[in-house]
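Asks: Build the 3D model from these lines:
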Amino acid sequence: MSAALHDSEALRGEVWRVAGAVTDPEIPVLSIADLGVLRDVAIVDGRVEVAITPTYSGCPAMNMIALEIELALEKAGIGPVTVKTVLSPAWTTEWMTEDGRRKLREYGIAPPAKGGGRRALFGEDQVACPQCGSTSTAELAPFGSTSCKSLWQCKTCREPFDYFKCH
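Replies: Now for the predicted structure:
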């Protein structure tokens, strides 16, 4: 393996580590790597290119995420950097890490079921309350504190909670 190739791979790994640690401004307990928003890192002609995919088209957090990536990489002494938003393939909750799902639950947001798709929205899947774990829950509103979440309530502990919608 050539030194240049090795250096490029090392740089790519470092960019992935630094960029991946950027947190989501709407759910600050999740990194963009946890969410699966960080899609790719490439080194092209000595320039760093970072690809990100929004959780849904029109997500208002994407500009802030791109800026935070640029700032984090600049602080780490990495540059020049281009951050690209990639819409295809569309983001899916399947790209979320298990650690990200755990962090959501601990933060009080019901994570999407792995492989759940949109079935919970149509009553085909149970949504577990992140407070008590009960699956005796009901949707109160299709939108919660952000567009990617819906508002639910637990029938057991009576607590309202956000559910991160499956995509």
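Asks: who touches the helix or strand where Ser150 lies?
Replies: Using DSSP states H and E, Ser150 falls within strand 149-154. Contacts of strand 149-154 with the rest of the structure, by C-beta atoms under 8 Å, 6 or more residues apart in numbering, involve 109-110, 121, 127, 129, 131-132, 134, 136-145, 159-165. Glycine gets a C-beta too; all of them are placed from N, C-alpha and C.
Asks: buried set for the helix or strand following that strand?
Replies: Going down the chain from strand 149-154, the next helix or strand is strand 160-164, by DSSP H and E. Of the residues in strand 160-164, those buried under the neighbour-count criterion (16 or more other C-beta atoms under 10 Å) are 161-164.
Asks: What's the end-to-end length of stretch 86-98?
Replies: End-to-end distance for stretch 86-98, by C-alpha to C-alpha, to the nearest Å: 23 Å.
Asks: whoops, stretch 27-47 was the one
Replies: In stretch 27-47, first residue to last residue: 30 Å (C-alpha to C-alpha).
Asks: Now that stretch: buried residues?
Replies: Across stretch 27-47, burial judged by 16+ other C-beta under 10 Å covers 27, 30-39, 41.
Asks: Over to stretch 52-64?
Replies: So stretch 52-64, judged by 16+ other C-beta under 10 Å, has buried residues 52-55, 59, 61-62.
Asks: Can you name the residues that contact the residue most central in space within the chain?
Replies: Residue closest to the mean C-alpha point of the chain, counted by C-alpha atoms, centre = their mean, is Leu35 at 2.0 Å. Leu35 sits next to 24, 27, 55, 95-96, 100 when contact means C-beta under 8 Å, 6+ apart.
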